[in-house]
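Peer 1: Here is a sequence together with a model predicted from it:
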Amino acid sequence: MLWQQLPTKTNLSYLTKTKGRMMINKISCVLMLLVVVATASKGRYYAEVDYAEVKSNWADAVAKAQEFVANLSLEEQVSLATGVGWARGPCVGNIASIDRVNFPGLCLEDSPTGVRFVANASAFPAGINAAATWDKALMYERGVAMGEEYRGKGVNVALSPMMNLGRVAAGGRNWEGAGGDPYLAGEVAVQTLLGIQSQGVMTTAKHYIGNEQEHFRTTESSNIDDRTIHELYAWPFMRCVGAGVTSIMCSYNQVNNTYACQNNRTLNEILKGEFGFQGFVMSDWSATMSGVPSVLGGLDMTMPGDITFGSGTSYFGQDLVNAVNNGSVPAARVADMATRILTPWFLLGQDQDYPAVNFDFRDPTVGTDVDVQGDHFQNILAVGAASTILLQNEDNILPITSSFETSKQYTIALIGQDAMYPNGGPNSCGDHGCIDGTLAQGWGSGTTNFPYLVDPTTGITNRAKTNNQTVTQFYNDYDTQGAVNAALSADIAIVFGLADSGEDYITVDGNQGDRNNLSVWGASDSLIQAIAEVHDNVIVVLHVVGPVLMPWSNLPSVKAILVAGLPGQESGNALADVIFGDVNPSGKLVYTIAVQESDYPASVVYNSDEAHPQIDYTEGLFIDYRWFDAQNIDPLFEFGFGLSYTTFSYSDLSIDTSDLVVTDTKITLANATTAVKVQVTVSNTGSVTGAEVSQLYLGFPASAQEPPKVLRGFEKTEINAGQSEQVTFYLSTMDISIWNVEEQSWQIPAGQFTIYVGSSSRI
């Protein structure tokens with residue numbers, strides 16, 4: 001091992017070792033200086049963040065908002081902070097117009113998968129799929145496309161992105177987010193929000209904070225220590241604030257026994273104080289639990305405005321006016337709320353010729369003539385294919401076109417309900433609260449209507465025809481013998497399975513939001529087992545919301561496993577592109593798949609007799625792969641893992657520390673500086689072009705009491721067969737810092753740091 005002393009008593013070392021598919025590269029420190037400019041990567045772009053430019057733009061907008069608010073009466077200021085009430089406007093959330101000053105009001109609308117409750121809009125892949133691409137350009141492009149659709153429908157505030165972490169594998173809304181790592185969640189959210197805001201649409205980072213399960217979400221207390229809040233659950237929100245997110249949605253739950261929407265510590269001290277957030281905090285729908293305590297605790301806008309849906313009462317509105325008049329709330333605080341709400345309106349130019357709302361979520365016939373889809377199916381298809389994860393590929397059974405004689409008219413049997421088009425159509429159940437065919441979204445408010453849905457059977461059948469191949473179907477998961485017979489009549493048996501989840505207000509197949517367990521739903525496990533016992537060529541395809549157990553994965557006949565996640569409207573075409581080799585798979589897991597459910601550090605609290613169930617985050621910093629590494633638990637498939645139809649190797653690690661400067665100044669996003677540049681050569685050692693996701697993990701000094709390693713960088717690079725590309729990472733002083741609870745600041749611990757660069761968390 002090579003090492004050298006750094007000026008800060010921080011050692012720098014690196015080790016390169018090659019063994020099988022694994023390669024370890026170890027080093028030390030840090031940063032990427034971020035900006036709102038476009039960076040090219042082989043003709044494609046993603047957004048970076050320039051903190052200085054963000055600060056300057058916000059300062060100008062704040063000044064405009066303050067001038068505007070100074071001319072508003074107290075009642076008008078309060079109206080900016082008070083939704084008009086559930087279903088009393090065309091959007092799921094509405095702020096009334098103020099005609100006297102030509103303020104048109106605000107439309108707030110779901111969801112992280114597209115514009116909810118409207119016609120002629122796209123159904124995008126879920127956040128979990130965007131994350132699984134590990135492709136910042138695709139994430140940004142997806143955000144831009146979403147922004148175009150929100151703007152085209154007249155939406156001022158998009159209720160996206162979602163970034164709660166997969167603390168519990170069965171968490172109901174995990175699929176809306178980016179998995180089990182805060183760094184990855186932050187990067188996905190930043191690219192998404194910058195894409196949406198590039199179209200002049202405000203974004204909402206949600207749900208702040210500690211909303212990791214659906215059971216008891218309006219009553220439970222998520223009890224989280226200060227360091228874990230900072231380093232895990234608040235980290236993605238911090239990154240979003242640095243990138244200029246315009247609003248933050250506080251969650252239903254309590255945090256350390258104070259409701260999140262009136263929590264002085266998390267809202268005023270951390271979000272607005274430490275992070276310097278200048279936008280507005282809105283409540284989740286009916287998550288406002290009080291009037292004066294919420295206003296003083298940091299809540300700026302109550303949604304949808306009434307205390308409960310349709311109650312006709314509000315904690316804000318006239319009650320807030322009265323609270324100011326009787327001295328319970330300073331008038332300056334209400335002016336601050338109004339300023340925070342209007343600042344993004346000016347920042348994104350919504351005061352100038354912004355489109356009017358042209359739909360009504362209460363009446364699906366309104367606005368059907370406004371089609372905002374454009375060519376967004378192309379991004380949806382690209383994300384769907386790029387997020388498909390190849391976990392196993394024995395005997396190179398995939399891609400099909402290169403695995404068999406192309407002249408042979410062999411047959412492919414598609415088996416399982418998840419392969420079929422939904423019997424009642426893709427929108428037959430409200431908010432997708434049922435299973436009636438293939439799964440392409442979860443359920444709840446994070447959904448959107450499908451303008452169309454390409455099911456796996458359609459996508460695969462259409463593609464197979466070009467190869468003169470025949471596709472048969474058998475959809476009954478519970479007729480094992482019929483499925484076996486269908487499989488035996490074909491050369492290849494592709495068996496489909498699914499696992500669904502969503503919000504707690506809908507129960508599907510006995511699952512109230514959160515999944516009851518980590519099994520593939522229905523009879524899929526026994527079906528796969530039975531077919532694998534009699535057929536030599538079995539491929540398993542899973543449309544799932546998160547990790548599932550795979551007790552059949554080691555069966556010799558299960559040659560390939562594909563995790564397709566929730567791909568949106570182009571589901572079947574995206575899957576066909578990968579299966580037939582038109583797209584080389586490059587997706588990587590954004591969560592750990594365990595051998596058994598008990599291997600995970602925490603699980604959903606399903607039962608409690610307490611009025612406010614106490615959910616203690618006793619695992620602290622050790623969630624997902626961090627826990628598996630610390631406990632030396634072998635996963636079935638590790639975080640960051642995914643195969644390709646080609647192979648890659650790493651070499652020539654280099655480190656540049658010339659910019660490393662460490663001072664006693666407290667580290668923040670705004671003052672973090674570049675300290676170390678890391679470069680590595682990645683080579684495509686196979687026979688076809690492919691994209692590799694190079695992942696950088698940081699090991700802190702032992703004294704820091706951090707997990708063995710944490711993700712601190714990733715880059716996706718397309719490389720031609722036989723060619724090599726140099727990949728560059730930057731780490732910041734923030735990236736190599738830990739939260740010091742006693743000092744209440746980010747600090748770089750003294751000691752030896754280790755950087756690992758490779759193809760997964762297990763390198």
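Peer 2: Received it, and whenever you're ready, just let me know what you need.

Peer 1: Please state the offset of the longest helix along the chain from the chain centre?
Peer 2: Across the chain, the helix with the greatest residue count (assigned by DSSP state H) is helix 51-69. The chain centre lies 29 Å from the centre of helix 51-69; the measure is Cα atoms, centre = their mean, to the nearest Å.

Peer 1: gap between G195 and G179?
Peer 2: Between G195 and G179 the distance is 19 Å, computed by Cβ to Cβ, to the nearest Å. C-betas here are computed from N, CA, C, even on glycine.

Peer 1: What of V583?
Peer 2: From V583 to G179 the distance is 22 Å (Cβ to Cβ).

Peer 1: what's the answer for L566, then?
Peer 2: For L566, the distance to G179 (Cβ to Cβ) stands at 13 Å.

Peer 1: For the two, list the residues in contact with both.
Peer 2: Contact with both L566 and G179 is made by residues I128, according to Cβ atoms under 8 Å, 6 or more residues apart in numbering.

Peer 1: Between these two, tell me which one has more neighbours.
Peer 2: The residue with the greater number of neighbours, taking L566 and G179 and applying other Cβ atoms under 10 Å, is L566; the counts read 29 against 26.

Peer 1: list the contacts for that one?
Peer 2: For L566, the contact set (Cβ under 8 Å, 6+ apart) comprises P125, A126, I128, N129, W175, L439, A440, Q441, G442, H543, V545.

Peer 1: try it again with 10 Å
Peer 2: Under the criterion of Cβ atoms under 10 Å, 6 or more residues apart in numbering, the contact list for L566 reads 113, 123-129, 132, 175-176, 384, 387, 439-442, 447, 498, 500, 543-546.

Peer 1: Could you do N517 as well?
Peer 2: A169, A170, A499, N511, V548, L549, E597, S603, V604.

Peer 1: Would you reformat those residues as JSON lines and include neighbour count and pLDDT?
Peer 2: Written out in JSON lines, the entries for the contacts of N517 read as follows (neighbours: other Cβ atoms under 10 Å; pLDDT from 0 to 100):
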{"residue": "A169", "neighbour count": "29", "pLDDT": "98"}
{"residue": "A170", "neighbour count": "27", "pLDDT": "98"}
{"residue": "A499", "neighbour count": "27", "pLDDT": "98"}
{"residue": "N511", "neighbour count": "21", "pLDDT": "98"}
{"residue": "V548", "neighbour count": "24", "pLDDT": "98"}
{"residue": "L549", "neighbour count": "19", "pLDDT": "98"}
{"residue": "E597", "neighbour count": "15", "pLDDT": "98"}
{"residue": "S603", "neighbour count": "17", "pLDDT": "98"}
{"residue": "V604", "neighbour count": "22", "pLDDT": "98"}
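
Peer 1: Specify which member of those residues is nearest to V84.
Peer 2: For these, the closest approach to V84 (Cβ to Cβ) belongs to N511, at 33.7 Å.

Peer 1: which residue lies farthest from the center of this protein?
Peer 2: The C-alpha centroid of the chain is most remote from N326, which lies 43.7 Å away (Cα atoms, centre = their mean).

Peer 1: Look up the pLDDT of that residue for me, please.
Peer 2: Reading off the confidence values, N326 has pLDDT 98.

Peer 1: Ok, Q318 next?
Peer 2: Confidence at Q318, expressed as pLDDT, is 98.

Peer 1: Quick check: beta-bridge partners of the residue nearest to N584 when sequence neighbours are not counted?
Peer 2: If you skip the residues right next to it in sequence, N584 has G690 as its closest partner in space, 4.4 Å away by Cβ to Cβ, 6 or more residues apart in numbering. With beta bridges defined as DSSP bridges, G690 has these partners: I719.

Peer 1: Could you measure from G690 over to L398?
Peer 2: Remark: distance between G690 and L398 (Cβ to Cβ) = 13 Å.

Peer 1: So for those two, which sits in the more crowded spot?
Peer 2: In this view G690 and L398 are compared by other Cβ under 10 Å, and L398 has more residues nearby, 24 against 21.

Peer 1: correct me, but that one touches G581?
Peer 2: Yes. With the criterion set as Cβ atoms under 10 Å, L398 and G581 qualify as a contacting pair; they are 7.5 Å apart.

Peer 1: hey, what's in contact with both of these two?
Peer 2: When Cβ under 10 Å, 6+ apart defines a contact, the residues bordering L398 and G581 alike are Y645.

Peer 1: residues contacting T192?
Peer 2: Residues in contact with T192, defined by Cβ under 10 Å, 6+ apart, are 47, 112, 127, 130-131, 139-140, 142-144, 146-147, 158, 160-163, 178, 203, 205, 240, 243, 245.

Peer 1: let's see 6 Å
Peer 2: T192 is in contact with M139, G143, P161, counting by Cβ atoms under 6 Å, 6 or more residues apart in numbering.
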